[in-house]
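Enquirer: Here is a sequence together with a model predicted from it:
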There are 2 protein chains.
Amino acid sequence: MSRPRPLSGFPEWLPADRLVEQRLTDRLRRTFELHGFTPVRTRAVEPVSVLLGKGETDKEIYGLHRLADEGADAVAPADDARLGLHFDLTVPLARYVLENAGRLAFPFRRYQIQPVWRGERPQEGRYREFVQADVDVVGDGELPFHHEVEVAIVAAEALAGLPIPPVRMRVSNRKVAEGFYLGLGLTDVPGVLRVVDKLDKIGPDAVVADLVALVGASPDQARRCVGFAGVTGLRDPEALVRAVQALGVAHPRLDEGLDELGRVLVAAAEHVPDVLEADLSIARGLDYYTGTVYETHLVGVEGLGSICSGGRYDELARDGERTFPGVGLSVGVTRLVGGLLARGLVRAARSVPTCVLVAVPDEQRRVQAVRTAAALRSRGIPTEVSPTAARYGKQIRFADRRGIPFVWFPGDTPSDGEVKDIRTGEQHPADADRWTPPEHDLIVEVGRP
Amino acid sequence: MSRPRPLSGFPEWLPADRLVEQRLTDRLRRTFELHGFTPVRTRAVEPVSVLLGKGETDKEIYGLHRLADEGADAVAPADDARLGLHFDLTVPLARYVLENAGRLAFPFRRYQIQPVWRGERPQEGRYREFVQADVDVVGDGELPFHHEVEVAIVAAEALAGLPIPPVRMRVSNRKVAEGFYLGLGLTDVPGVLRVVDKLDKIGPDAVVADLVALVGASPDQARRCVGFAGVTGLRDPEALVRAVQALGVAHPRLDEGLDELGRVLVAAAEHVPDVLEADLSIARGLDYYTGTVYETHLVGVEGLGSICSGGRYDELARDGERTFPGVGLSVGVTRLVGGLLARGLVRAARSVPTCVLVAVPDEQRRVQAVRTAAALRSRGIPTEVSPTAARYGKQIRFADRRGIPFVWFPGDTPSDGEVKDIRTGEQHPADADRWTPPEHDLIVEVGRP
């Protein structure tokens, strides 16, 4: 094989970077499980009919075919038999819930960390294969509002627990936007949302002009829509209510939405302080979510885009008889890890899990080295044995290249060796049945460089 | 969506069974990392040219196409641009090593736990999507024999540490077989291996007949080949040498192979007693591996087939200048988990990670329940809050259905609640800042029912 080149849009990490990704997903998983979310893994493929279920565009979907069938005069399989790779974890969740509804306990709380695939043009923060970490609660028929508070706290806690820059989760609510626009007399809510969504790109004047031209707003209505989208960065529910009231619009749905948004802020202030804030400029997603919506950025790395988004669907899934509402968030693991690595904002302390390299004085005494390594491992210390009996200087360099902090020089038994911290050069006698490395050296540390 | 049906060959687990799979892979991973193997994840796709690199059949490969290109008069992409799903983790490893050779430290020790895809007809133990857990050592130019000992011990230790029936790893060596057949005067080694591989299916008489008819063996040579394949179940290196010598064949390659096989047995006897044995009946794989080969069965569940196989390749990968030998094993995670679940040989103690359900006396006091749950989680106890403020009997049934062992009845503060073990009915006052569940209840136990 000639030397292969990377495939654009299909990121892969070298070992040290993969350790970063692994430790971050481990920490996410740990938080999800602490909150009682159960792990689910779905197959990578779905029938194309399921992937296209909501009539969405099929541009980004990878279809599958057996290579052996290529070029044959094969009859194209029926739509149900055609398979494609899932492009998110929400469609598979909905399908899994419907398929297993009789065997799941509701509300069903699951997390899922898997790759997804999209056949789109790669660019920074966008990939053809990327890992998502989703956490959702799905109800049977009904889903109380307090789960919209809960998942925000779970996701914020999960992200705040990572060795990454601080995160800011911006929260809005479909009911607030809908109530405001209806109270203002604008009934084409999706139309308004589409225009307001362009605020960052085209600026307030152009948004006003478009609202007038495209959804029939008066200049005053349009300006108040822009004012509404200017209500951002608020953590105090009362300040939020005051800011909206100042725009002079009233509607029962607006009140309901503000109450819900306030409850999210209050709980977040107690459990994950300084992470959540209300932001009424969020428009993306409001057209398909039905309650709270979430977007999350890294403070100082906003250009990376949202690393954790989601919201509430009243109808995540439905069959003939039952409707399953859901609420959840999805962490863009690959975008997060790729973005941090590219900016040098995170790194692993070493490129292997190994904490101790046991040196081999000569091949005849490899058996003693192996025995020493086994003694260390039996107490949970990741250990490998030097692959060669080269001179010690070379074995130490072997450890150094990988960032392995300790080299062990075995004696005749596991109890009479010496251990060297190769960072400080300090070396002292040690017993493999008793010696313990410092806590921060035991497992690969991942953090800011 | 109408109720979806499972896709044949694409297994998915319900939550309790997924917990089994997750805990087993966690334990495998733990052992691999204890031995210093670093995690790698490769993309799911490879260029078709890489997948077909060794001229293998393409029957089992899933090719990818963008759904948007279906039916278009699109020009078929060049072979290098065509993508397919990987069918194992060895081809991606070889490609990853070649692609990154300048940035990896050799010997490169990696493990990899991922799904693979094969478009073959599903049957028990065979799937279209299944998870493998691979562990390999790859050298640059050379790879000392002791790694063939090492990976056997790592894999055996990993499997022996699982809550599953005992495993038996059978080991042979290409050099033993090759040396024996050459010493016997049979030079068509692959031809002999192909016939001997059918021993289980067609029996010794037919093997003798085929060896005579197909590879030109004399009846005596053929009978000694059958005798050779009868050398099985040996753990003592000297007994192994005696058994082979009794067949009256000598060859330097045979001696070399027996020495290597003996060294595997000796190390295994010390580090993973009662797991490994020499088995010269193994023929499958010997035609492409170049040294030690491994196959592993569950004792009492042999019908499931090998759950962990592998061996040494002198040429795992090569480019114009360099050759990378490798040795490793692959655990068939889905086959193992699916086989054990189907036979009722393993189960999880509950269907959620949750250890404690905090009850909610009424919706007004949900905030206290949430606070209590946060206190428990801050000390590592997986906790969820009851989704409803139904009467306590109903909340207890909610916990019971999921196997959650404890229900917490909150007081006004986290410190004045009561906790009930719903299995025994025992209930006593408890402080969420101090109470700790028994170790075996903290994390979901997985074991034999």
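Expert: Looks like it came in fine.
Enquirer: Thought A:V333 was touching A:F130, still the case?
Expert: Yes: between A:F130 and A:V333 there is a contact at 7.3 Å, judged by Cβ atoms under 8 Å. To be clear about C-beta, it is placed using only N, CA and C from the backbone, and glycine gets the same treatment.
Enquirer: tell me which element A:R110 falls in.
Expert: Assessed by DSSP states H and E, A:R110 sits inside strand A:108-117.
Enquirer: Does anything pack onto that strand? Which helices or strands?
Expert: helix A:15-34, strand A:38-39, helix A:90-100, strand A:129-138 (3 or more Cβ pairs under 8 Å, 6 or more residues apart in numbering or on different chains; DSSP states H and E).
Enquirer: any idea of the pLDDT on A:R82?
Expert: pLDDT for A:R82: 90.
Enquirer: can you pull the pLDDT of the residue nearest to it when sequence neighbours are not counted?
Expert: Using Cβ to Cβ, 6 or more residues apart in numbering or on different chains and skipping residues adjacent in sequence, the residue nearest A:R82 is A:V48, 4.1 Å away. pLDDT recorded at A:V48 is 91.
Enquirer: hang on, A:D416 packs against A:P429?
Expert: Yes: look at A:D416 against A:P429 with Cβ under 8 Å: they come within range, at 7.3 Å.
Enquirer: Quick check: can you list the domain ranges of chain A?
Expert: Domain segmentation of chain A under automatic domain parsing yields A:17-39+A:89-347, A:356-447.
Enquirer: start to end distance for the last one?
Expert: With Cα to Cα, to the nearest Å as the measure, the first residue of domain A:356-447 is 21 Å from its last.
Enquirer: Stretch A:81-91 too?
Expert: 17 Å.
Enquirer: So what touches it?
Expert: A:42, A:44-51, A:53, A:60-64, A:76, A:92, A:112, A:114, A:116-118, A:132, A:134, A:136, A:316, A:328, A:330, B:7, B:64, B:67 (Cβ atoms under 8 Å, 6 or more residues apart in numbering or on different chains).
Enquirer: try stretch A:146-154
Expert: The contact list for stretch A:146-154 (Cβ under 8 Å, 6+ apart) reads A:31-32, A:35, A:37, A:107, A:135-137, A:139, A:169, A:171, A:260, A:263-264, A:267-268, A:271-272, A:276, A:291-292, A:294, A:310, A:312, A:327-329, B:366, B:385, B:387.
Enquirer: please redo it, this time with the cut-off set to 6 Å
Expert: A:35, A:135, A:137, A:263-264, A:267, A:271-272, A:291-292, A:294, A:312, A:327-329 (Cβ atoms under 6 Å, 6 or more residues apart in numbering or on different chains).
Enquirer: Then stretch A:293-301?
Expert: Contacts of stretch A:293-301 (Cβ under 6 Å, 6+ apart): A:152, A:165-172, A:282, A:285-286, A:306-311, A:329.
Enquirer: Give the buried subset of these as a ChimeraX selection command.
Expert: For the buried members of the contacts of stretch A:293-301, the matching ChimeraX selection, counting by 16 or more other Cβ atoms under 10 Å in any protein chain shown, is:
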select /A:152,165,167,168,169,170,171,172,282,285,286,306,307,308,309,310,311,329
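Enquirer: List the ones among the contacts of stretch A:293-301 that fall in helices.
Expert: Counting by DSSP state H, those place A:A152 in helices.
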